[in-house]
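> coords please:
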Amino acid sequence: PGSKINRKIETDFEISIPRKKLKVGIITPIKTIVLDGNLQQMQQQLNDYATNLKLIIDDKVYILDGILKITKQGELNLYKLNARSIAKSVTIAEITTELQFNIVKPYAMFDFHLDKIFDKAIIFKILINPQTPKYEGKLEYLGPNFNGKFDTTIIHQGMINLKGTISGEYQIENYSKQTLEIGFEQIFQVSI
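Alright, predicted model coming up:
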């Protein structure tokens, strides 16, 4: 309350092999990064897809080409993307991402690295471990003007009753590091 700092952070993630679509995005008060594009299955390797991607950073657009490799290690599904934008034989933007997920033992991890555009690489990591009735998530963002690490825990206590916390720390530009601690609870009550 009373803060003049906009703390709204949005993320978007979509990968659809049947629709041959890939979209990853994060929107913060000070930075917008969206990677959006199409996949085309390669003839030689059925689990490899050529990518044609558009990287939008604030008001700049980069076109990247790369390869998405899909593998499976036991119950773990792995998606690895390497893409880059080259102008006059020089790499001007480079992205590496990895997605791991397991449906049998619910788990997901997403790791995004963007290099060459800024003085400092941008790293964005998400870990989700939904072990019923407890759901845990971790979010880490390191970038030129904003750094933050957040942990979320949600406990399902029956019907739609939830209890949880969001905690972490963040730093905007050269301001001092701030801590964040939010507790929340939702209780469903029936009135007769």
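> partners of the nearest residue to Ile123 once chain neighbours are set aside in the sheet?
Once flanking residues are discounted, Ile123 sits nearest to Leu142: 4.5 Å by CB to CB, 6 or more residues apart in numbering. C-beta: built from backbone N, CA, C; applies to glycine. On the basis of DSSP bridges, Leu142 is bridged to Ile123, Asn147.
> Could you pull out the strands in this protein for me?
10-16, 21-27, 32-41, 48-57, 60-73, 76-87, 90-102, 107-115, 122-131, 134-142, 146-156, 162-172, 178-186 (DSSP state E).
> between those, which gets nearest to Ser3?
Closest to Ser3 of those is strand 178-186 (CB to CB; 9.6 Å).
> Give me the sheet partners of that closest one and which way each runs.
strand 162-172 (antiparallel).
> Can you give me the first-to-last residue distance of stretch 80-96?
7 Å (CA to CA, to the nearest Å).
> Leu162 is in contact with His156, correct?
Yes - His156 lies in contact with Leu162 (CB atoms under 8 Å); the separation is 6.2 Å.
> Let me know how buried the residue nearest to Ile123 is, in neighbour terms.
If you count neighbours by other CB atoms under 10 Å, Leu142 ends up with 15.
> Next: Lys88.
So Lys88, with other CB under 10 Å, has 5 neighbours.
> What angle do strand 10-16 and the lowest-mean-pLDDT helix or strand in the chain make with each other?
Ranked by mean pLDDT, DSSP states H and E, the weakest helix or strand in the chain is strand 122-131, scoring a mean of 78. If you take axes from the mean of the first three to the mean of the last three CA atoms, to 10 degrees, strand 122-131 sits at 80 degrees to strand 10-16.
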